[in-house]
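Enquirer: fold the following and give me the result.
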Amino acid sequence: MIKKIIASLEYLFVILSLILYTGGVLDIVAIDGFSEGDGVYNMTISANEKLFVVKQILFYVTYIISSILLMRMSDKSTKITIIFLRNIHVSLLVGLTVISTIWSELPAQTISRSIALVGTTIFGIYLANRYTLKEQLILLRNTFLAIVILSIIFVIAIPQYGVMGAIHDGAWRGIYTHKNELGRLMSLGAIVFLMQSRQEGETKIIGLKSRSIGKLKQYIPTGTMRDSFLQSAFTLLGLGATIAMILLSRSSGGIVNLTIMASALAIFKISQLRGFHLKFVSIIGVVALIVIFAVIILPNPELIFALIGKSSDLTGRGDLWNVLLDLLSNRPLLGFGYGVFWESYGAIVSLAVAWDVPHAHNGFLDLTLGVGLLGLALFSISYLSTLAKSLAQFRSSQSDESIYPSIILIYIVISNVSETGLFSYNNIYWLLFVTVSHSMILSTKKNILPPNPQFF
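Expert: Just a heads-up that it's a prediction; the model follows:
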């Protein structure tokens, strides 16, 4: 009984931590409902300081707890050093951030943020060692279900927080500070719910199996079938809610992300089909869409930008990237030091592009600004290696959860083309990459712990 309670508390700790790493709740409460275009933040210096302290404490709690749990997992055959060395490119990249203190203009800040990155990495490695791919997918599903519920509560109960004003008046943002954050996270949430199509009792959201259909005709499902029915209901509601939130957030990025990932998921599913005719018809459909895209969209790129409500330079990002690349040319190999570029050069960049710029609006560029082309090369090697492993695992397994790592890797790239977070400390995108990357390394090894509790 006590073991079950401890395991459930650990599971709850992970879900709450994942919500924290997405940036939910605390930031929007601290800025007291400020919206882009309001002209001035409704946030005092003291509120800022309180937010900083609270977030720091919470994140350090996740570092400490996950470190303790990870150490408990290690045994004589699996030392902590071996766990880190398994993913050598990620370890070298994280180590580079610490070393960048040497050439950073703000060394104290670089070392502080490097420690936070190390803590985030440890949490990701813990998740990979603690949970199987199937369990990670369930964890994400439950996390997004919690985010959906909290966001709806914010919109209904405290709309000044949950709904944006000013230039984005009426757009939903839920528990986040901007509609685009809600949109791009919900795009991942929708795909997570889609990937949860196979449930216990052989119930499937899309394409119910014949004997499941017969069971679902019962008025009140019982036992295992009842659990499967509830899982399917939660998944269907979550899928509908996440898609609705993307639309209500008016996030064009969220729509694009969802479209790309849904297409990728469809291609993976097509490859699982049995029978030449089914595969042939499906492949012809995909090829037809690609041809339409190549003939209509590529020669007229302004069409797609018009459809998603953006200008062809991605709302000023083109000019921003040119300025940043000019600055980067002065220190291309090692960058400006991890986590300090915007404190040192942010004002100069904002003046050059004539708008307030908080980050590069491109995760790869922000990574390079921090640790240079060397850091970008290390990340690229790690990413491509992980992608190759994930595709190989899918080819050999063909299971639903084997699609999950590749989908996450696709999401990480497309969500960092016009936004950032790829290599940020205390951030869900880096956390997801570390978790998937390490999971692929462990995919041929035996899990350290037994299966974990699954809510719902």
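Enquirer: all helices for the stretch 1-150 of the chain, in order.
Expert: With helices called from DSSP state H, counting those that start in this stretch, the stretch 1-150 of the chain shows them at 2-22, 26-30, 45-73, 80-85, 88-99, 107-130, 133-157.
Enquirer: TSV please, covering the ones you listed and showing mean pLDDT and distance to Ala352.
Expert: Every C-beta, even on glycine, is put in place using the N, C-alpha and C of the backbone. Rendered in TSV, the data for these read as follows (pLDDT from 0 to 100; distance: least, Cβ to Cβ, whole Å):
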stretch	mean pLDDT	distance to Ala352
helix 2-22	93	31
helix 26-30	86	27
helix 45-73	84	26
helix 80-85	70	40
helix 88-99	95	26
helix 107-130	95	23
helix 133-157	94	36
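Enquirer: closest to Tyr338 out of these?
Expert: Of all the helices of the stretch 1-150 of the chain, the one in closest proximity to Tyr338, counting by Cβ to Cβ, is helix 88-99 (3.8 Å).
Enquirer: just give the number of residues close to Asn142.
Expert: 21 (other Cβ atoms under 10 Å).
Enquirer: I should have written Ile6 there, sorry.
Expert: Neighbour count of Ile6, defined by other Cβ under 10 Å: 10.
Enquirer: picking that back up, who wins for proximity to Thr368 among the helices of the stretch 1-150 of the chain?
Expert: helix 88-99 (12.0 Å).
Enquirer: ok, and for that closest one, which residues are buried?
Expert: By neighbour count with 16 or more other Cβ atoms under 10 Å, helix 88-99 contains the buried residues His89, Val90, Ser91, Leu93, Val94, Leu96, Thr97, Ile99.
Enquirer: can you tell me which of those residues is nearest Phe364?
Expert: Leu93 (13.1 Å).
Enquirer: what separation is there between the closest one and Val323?
Expert: Using Cβ to Cβ, to the nearest Å, we find Leu93 at a distance of 26 Å from Val323.
Enquirer: can you check Gly346 too?
Expert: Per Cβ to Cβ, Gly346 is found 11 Å from Val323.
Enquirer: go on, Leu18?
Expert: 35 Å.
Enquirer: looking at the two, which one has more neighbours?
Expert: With neighbours defined as other Cβ under 10 Å, Leu18 and Val323 compare such that Leu18 has more, 23 against 18.
Enquirer: for the more buried one, give me its contacts.
Expert: Leu139, Leu140, Thr143, Ile428, Leu431 (Cβ atoms under 8 Å, 6 or more residues apart in numbering).
Enquirer: could you pull out the strands in this structure for me?
Expert: Secondary structure of the chain (DSSP state E): no strands present.
Enquirer: for the residue nearest the centre of the chain, which residues are in contact?
Expert: Note on the chain: the residue nearest the mean C-alpha position is Tyr429, at 4.2 Å, using Cα atoms, centre = their mean. Contacts of Tyr429 were listed using Cβ under 8 Å, 6+ apart, and they are Gly363, Ile412, Ser415, Asn416, Gly421, Leu422.
Enquirer: now, which of those sits nearest Ile28?
Expert: Gly421 (16.9 Å).
Enquirer: tell me how many other residues crowd that closest one.
Expert: The number of residues packed near Gly421 is 21, by other Cβ under 10 Å.
Enquirer: what values do phi and psi take at it?
Expert: Backbone torsions for Gly421, taken as degrees, to the nearest 10, come to phi 130, psi -10.
Enquirer: any low-confidence regions in the protein?
Expert: Applying pLDDT under 70 to the chain flags the ranges 36-48, 74-81, 197-231, 273-316, 398, 444-456.
Enquirer: hmm, 80 instead?
Expert: The chain contains residues with pLDDT under 80 at 1, 32-33, 35-52, 73-86, 166, 197-235, 270-317, 397-400, 443-456.
Enquirer: in it, where's the longest helix?
Expert: Ranked by number of residues, the top helix in the chain under DSSP state H is helix 363-397.
Enquirer: buried residues, that one. List them.
Expert: Using 16+ other Cβ under 10 Å as the test for burial, helix 363-397 gives 363-372, 374-376, 378-379, 382-383, 385-387, 389-390, 393-394.
Enquirer: do stretch 246-259 as well
Expert: Neighbour counts over stretch 246-259 (16+ other Cβ under 10 Å) mark Ile246, Leu248, Ser249, Arg250, Ser251, Ser252, Gly253, Gly254, Ile255, Val256, Asn257, Leu258 as buried.
Enquirer: of the residues you listed, closest to Asp400?
Expert: Of all the buried residues of stretch 246-259, Asp400 sits closest to Leu258, with 18.9 Å by Cβ to Cβ.
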